[in-house]
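Trainee: structure of the sequence below:
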Amino acid sequence: MGMEFNTEERKELLYLARRSISHFLEHGVKIKDEPIPEKFDMKRGAFVTIHKEGDLRGCIGYPLPVSPLFNAIVDNAVSAAFEDPRFPPLDAIEFKKIDIEISVLTVPLKVENHNEVKVGSDGIIISKHGFRGLLLPQVPVEQGWNLEQYISYGCMKAGLPDDEWKRGVNIEVFQAEVFGENDVG
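Mentor: All right, here's what the predicted structure looks like:
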């Protein structure tokens with residue numbers, strides 16, 4: 001997938017995410033009543049991932065294009081910092097040590113067979129019986145997983161047995177444009 005955002009726009013989105021977290025730390029509310037720049041007004045799925053000294057510190061997102069990208073970044077930056085159930089809320093001291101990564105998603109498309117999933121470029125959403133799990137495309141690469149491991153972890157993320165895909169699950173794929181503060185300086 002080509003780059004949709006240039007370096008300047010990527011910096012703006014990352015700065016927006018960081019500003020959203022610092023504003024919430026200071027005031028206890030999300031940024032609002034700001035005009036949305038036109039280029040960030042299209043509806044897109046997006047995730048915000050926070051790392052602290054190289055370790056995951058929070059990751060929350062909207063898989064589907066439910067709100068303008070600008071709002072998705074504000075909402076998910078705050079959620080990743082303060083509402084990820086795996087971690088305590090971020091504090092001001094930690095805030096100085098984090099770096100932020102954003103993933104902007106394409107609209108998910110259903111595939112018929114797990115063999116259609118391209119490890120390294122496709123994120124996956126696995127669903128069955130109301131259970132649903134999502135993994136971003138960079139995850140299997142970071143973890144060194146092959147296709148079957150990737151699909152198995154997707155099933156576990158959905159709360160299903162890891163081999164549920166052998167009995168049939170819904171698989172959707174999406175691509176993501178991923179960029180972080182470490183990439184854009």
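
Trainee: okay, CA-based contacts and neighbour counts for the rest of this
Mentor: Will do.

Trainee: and the residue nearest to the spatial centre of the chain, what does it touch?
Mentor: With distances taken as Cα atoms, centre = their mean, the residue of the chain nearest its centroid is F47 (2.5 Å). Counting by Cα atoms under 8 Å, 6 or more residues apart in numbering, F47 touches 59-63, 72-73, 76, 102-104.

Trainee: now do the SS call for it.
Mentor: Applying DSSP: H, G, I helix; E, B strand; the rest coil to F47 yields a three-state assignment of strand.

Trainee: doesn't V173 belong to a strand?
Mentor: Yes. Read with three-state DSSP, V173 is one of the residues of a strand.

Trainee: what bridges to it?
Mentor: V173 forms beta bridges with L109, I124, as assigned by DSSP bridges.

Trainee: counting neighbours, what do you get for it?
Mentor: Neighbour count for V173, taken as other Cα atoms under 10 Å: 24.

Trainee: do the same with V104
Mentor: V104 has 24 neighbouring residues, counting by other Cα under 10 Å.

Trainee: any idea what it is bridged to?
Mentor: When assigned by DSSP bridges, V104 has beta-bridge partners A46, E177.

Trainee: roughly how far apart are it and V111?
Mentor: Distance, V104 to V111, by Cα to Cα, to the nearest Å: 20 Å.

Trainee: local confidence estimate at G54?
Mentor: The model reports G54 with a pLDDT of 88.

Trainee: may I have the worst-scoring helix or strand of the chain on mean pLDDT as CSV, with CA atoms only?
Mentor: Lowest on mean pLDDT, DSSP states H and E among the helices and strands of the chain sits helix 181-184, with a mean of 85. The C-alpha trace of helix 181-184 is given here as CSV (Å, rounded to 0.1, in the frame of the first residue of the first chain):
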residue,chain,number,x,y,z
GLU,A,181,7.8,9.2,16.4
ASN,A,182,11.0,7.2,16.0
ASP,A,183,10.6,7.2,12.2
VAL,A,184,9.7,10.8,11.6
